[in-house]
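>>> A structural model of the following input is requested.
(one chain, ligands or ions: 1)
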Amino acid sequence: MDSNLLRIATRSSPMALAQVERVRRDLAAVNPAVEVEVVPIKTTGDRWMGDLREKGGKGAFIKEVDRALAAGLADLAVHCLKDMPGDIPVPAGMTIAGYMTRDSIHEALIHPAGLTLDQLPAGTRIGTSSVRRRAQLAAHRPDLECVPMRGNANRRLEKLYAGDADALILAVCGLERIDRTDVITEQIDPAVMCPPVGAGILALQCREDDTETLDAVAPLNDPTVWQIATAERTFLHVLQGSCHSPIGGHAWFDDDGELHLRGEVYSYDGKKELTAVEPAGALDPAGLGTSVALAVLKEGARDLLDAL
Ligand SMILES: NCc1[nH]cc(CCC(=O)O)c1CC(=O)O
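Numbers count the residues shown, from 1 in each chain. Next comes the predicted model:
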């Protein structure tokens, strides 16, 4: 970071750009001298509308942004934590400067006629390519049909209204960021639709030797979210999962200030679900994430994850 200019690399979807505007606002409140410049990047996941597994799957929304950071074209990357693969570390020379205060972890049902998930008629076509969502829908409503759906949230809404699907499931936090909570029919109970690891969390990543950037964005880090993200990401890492694995999970602090983690692994057809929910007790966040991962592995999670 040179002088007071902070160049932020990001995907260029409306949601991703709105995420950077939140960083700009929060930074201005703590460090008004810093000027933000947006460096928009088109990623593999933004260009390719097919099955992301054909493009290596992992990091499809991340790697080009990381390359811009490594090449010195930007000082900070803003990633959705849920887009960061759990089975590969942040690139060499990079570090997480902080995690921002968590937004909603809920999943939203969007149905043009306002029906809830349980009111949807059999055969309703749900637009989603997420194996996590598909597995949980198959478990909860096996009579619904999932149809492939890729693209940013705005594009998915266009496809819904063009008739490519009858309903969508999208993250509430994403709809909040693009100011489209008007389309939400139902905020689905996480007990029915568990969010992905990292849901609602923005990760701030920079070069590990860039002390100016580290210092500039340090005030944006939410220490409780750091612990939550560590527990969730460790869970995902021990399972060697990615954003294309049938894995859900979320951590939270209870009213007594104790960290808890819920981890879930599903069979791709939704017929099996393994769940572990644990308080941290004497464990640190990474220890909690490891303990919950070992609990589902003991129940056969490896076989479910390797089944595809
Ligand atoms: N976490 C945000 C995110 N990460 C990847 C996509 C695009 C998903 C796709 O192209 O299928 C989105 C939504 C958006 O940018 O609106």
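>>> look at Pro121 and say how many residues are nearby.
Neighbours of Pro121 under the rule other Cβ atoms under 10 Å: 9. Where C-beta positions appear, they are placed from N, C-alpha and C, glycine not excepted.
>>> same check, this time on Lys82
So Lys82, with other Cβ under 10 Å, has 23 neighbours.
>>> quick one: classify the residue nearest to the spatial centre of the chain as helix, strand or coil.
Most central in the chain under Cα atoms, centre = their mean is Lys82, positioned 2.2 Å from the mean C-alpha point. Three-state call for Lys82 (DSSP: H, G, I helix; E, B strand; the rest coil): helix.
>>> residues of this structure that sit close to the ligand?
Within the chain, the positions near the ligand by Cβ under 6 Å from any ligand atom are 13, 15-16, 45, 61, 80, 82-83, 150-153, 174.
>>> now, which of those residues sits nearest Leu283?
Nearest to Leu283 out of the residues of the chain next to the ligand is Lys82 (Cβ to Cβ; 23.3 Å).
>>> the residue nearest to the closest one when sequence neighbours are not counted: what's it in contact with?
Spatial nearest neighbour of Lys82, chain neighbours left out: Gly198 (4.0 Å); criterion: Cβ to Cβ, 6 or more residues apart in numbering. By Cβ atoms under 8 Å, 6 or more residues apart in numbering, the contact set of Gly198 is 80-84, 229, 232-233, 236.
>>> likewise for Gly127?
Neighbours of Gly127 in contact, by Cβ under 8 Å, 6+ apart: 146-149, 156, 159-160, 164-165, 167-169.
>>> what does the pLDDT read for it?
What the model reports for Gly127 is a pLDDT of 98.
>>> and Ala18, how many neighbours?
15.
>>> wait, it sits on Arg177?
Yes. With contact defined as Cβ atoms under 8 Å, Ala18 counts as touching Arg177 (4.3 Å).
>>> the lowest-mean-pLDDT helix or strand in the chain: how far from the chain's middle?
None of the helices or strands of the chain scores lower by mean pLDDT, DSSP states H and E than helix 44-47, at a mean of 92. When distances are taken as Cα atoms, centre = their mean, to the nearest Å, helix 44-47 is centred 16 Å away from the chain's centroid.
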